[in-house]
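Student: Predicted model, plus sequence, below.
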Amino acid sequence: ARKAGERAVTRLGARRLATRKARVLYSPEVARGLIGHFLGAVRGSSQYRKSSFLLGAAGQQVFPAFMQLRERPHLRKGLGSAPFDGEGVATRDRDLVRDGVLQGYVLGSYSARKLGLKTTGNAGGTHNVLVESAGGGVALPELMRQLGTGLLVTELMGQGVNGVTGDYSRGASGYWVENGAITYPVHEITIAGNLKDMYRDIAAVGNDVDVRGGVRVGSILISEMTIAGE
């Protein structure tokens, strides 16, 4: 409650921004959704229906080489932990992304058969996806320094994501940052890009991991996005 109240106070007097291109830093709460779009694109159903912007991307570089995405279904007290998937198939540890390269898809038995592959024990979804960075991730003060002048996003609105093309456009609010320091709150803006480019343009991942969900990720810094405002 205290954190929510403090955040509300800091949002007083929010402004709009002029349209521009700038660096964008996603806070952990919204970075989880960014990773969620990736997981949706590598689901077996998206692959066999040919409705994914990452169609046939197994073995390809989809993130920078410093990034790893690991599925860990047996984490103690993990919100996504499960010994079996929705079909009773035993879950297992696996690397979804290793050194930025997609290792395979998220498959139940039906989607696996459609693709001529084997189930990965993911009927019903993934189980505790950990987004990791070489060296353990970057501390928030250093992330803010790397952001320099740009946008810190703390809230997203709308559903402007095309899963087939990867086109991304979301309403956003947060804070404008200059020289690594928050200068004022902003609202009523839109951030836009293409997810394939956004993933490859990730400049850093923070160590401020949010564990309140099935995807554990820290802040994510993207080198450049379009910000539409006034």
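Tutor: That came through, no problem.
Student: Identify the bridge partners of residue 167.
Tutor: Counting by DSSP bridges, residue 167 is bridged to residue 194.
Student: residue contacts, it?
Tutor: By C-beta atoms under 8 Å, 6 or more residues apart in numbering, the contact set of residue 167 is 160, 161, 192, 194, 195. Using the backbone N, CA and C atoms, a C-beta is placed for each residue, glycine as well.
Student: so which strand or helix has residue 121?
Tutor: Here residue 121 sits in a region with no helix or strand, counting by DSSP states H and E.
Student: Let me see the contact set for it.
Tutor: Neighbours of residue 121 in contact, by C-beta under 8 Å, 6+ apart: 73, 84, 85, 89, 90, 91, 92.
Student: same question, residue 174
Tutor: Contact analysis of residue 174 by C-beta under 8 Å, 6+ apart lists 27, 151, 152, 153, 154, 155, 185, 186.
Student: same thing with residue 221?
Tutor: Going by C-beta under 8 Å, 6+ apart, residue 221 touches 23-26, 138, 143, 146-147, 202-206.
Student: Please report how far the closest residue to residue 224 other than its chain neighbours lies from residue 229.
Tutor: Once flanking residues are discounted, residue 224 sits nearest to residue 21: 5.5 Å by C-beta to C-beta, 6 or more residues apart in numbering. When distance is defined by C-beta to C-beta, to the nearest Å, residue 21 is 12 Å away from residue 229.
Student: okay, those two: which has more neighbours?
Tutor: Under the neighbour definition other C-beta atoms under 10 Å, residue 21 and residue 229 were set side by side, and residue 229 has more, 16 against 12.
Student: Correct me if wrong: that one contacts residue 18.
Tutor: Yes: between residue 229 and residue 18 there is a contact under C-beta atoms under 8 Å: 5.7 Å.
Student: Please point out which parts of the helix or strand of the chain with the lowest mean pLDDT sit buried.
Tutor: Within the chain, judged by mean pLDDT, DSSP states H and E, the helix or strand with the poorest mean is helix 2-10; its value is a mean of 79. The neighbour-count check on helix 2-10 (16 or more other C-beta atoms under 10 Å) flags nothing as buried.
Student: Tell me the first helix or strand C-terminal of it.
Tutor: Counting by DSSP H and E, the element after helix 2-10 in chain order, helix or strand, is strand 20-26.
Student: Of all the residues in that following strand, which ones are buried?
Tutor: 22, 23, 24, 25, 26.
Student: That strand - which strands sit beside it in the sheet, and in what orientation?
Tutor: When pairs are called by DSSP bridges, strand 20-26 turns out to pair with strand 150-157 (parallel), strand 220-228 (antiparallel).
Student: export the ones you listed to a markdown table and tack on distance to residue 31 and mean pLDDT?
Tutor: Converted to a markdown table, those look like this (distance: least, C-beta to C-beta, whole Å; pLDDT from 0 to 100):
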| stretch | distance to residue 31 | mean pLDDT |
| --- | --- | --- |
| strand 150-157 | 9 | 95 |
| strand 220-228 | 4 | 97 |
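Student: In TSV: the ones you listed, plus distance to residue 51.
Tutor: TSV is the format used below for the strands paired with strand 20-26 (distance: least, C-beta to C-beta, whole Å):
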stretch	distance to residue 51
strand 150-157	22
strand 220-228	24
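Student: right, so of those, which gets closest to residue 98?
Tutor: Closest to residue 98 of these, according to C-beta to C-beta: strand 220-228, at 18.3 Å.
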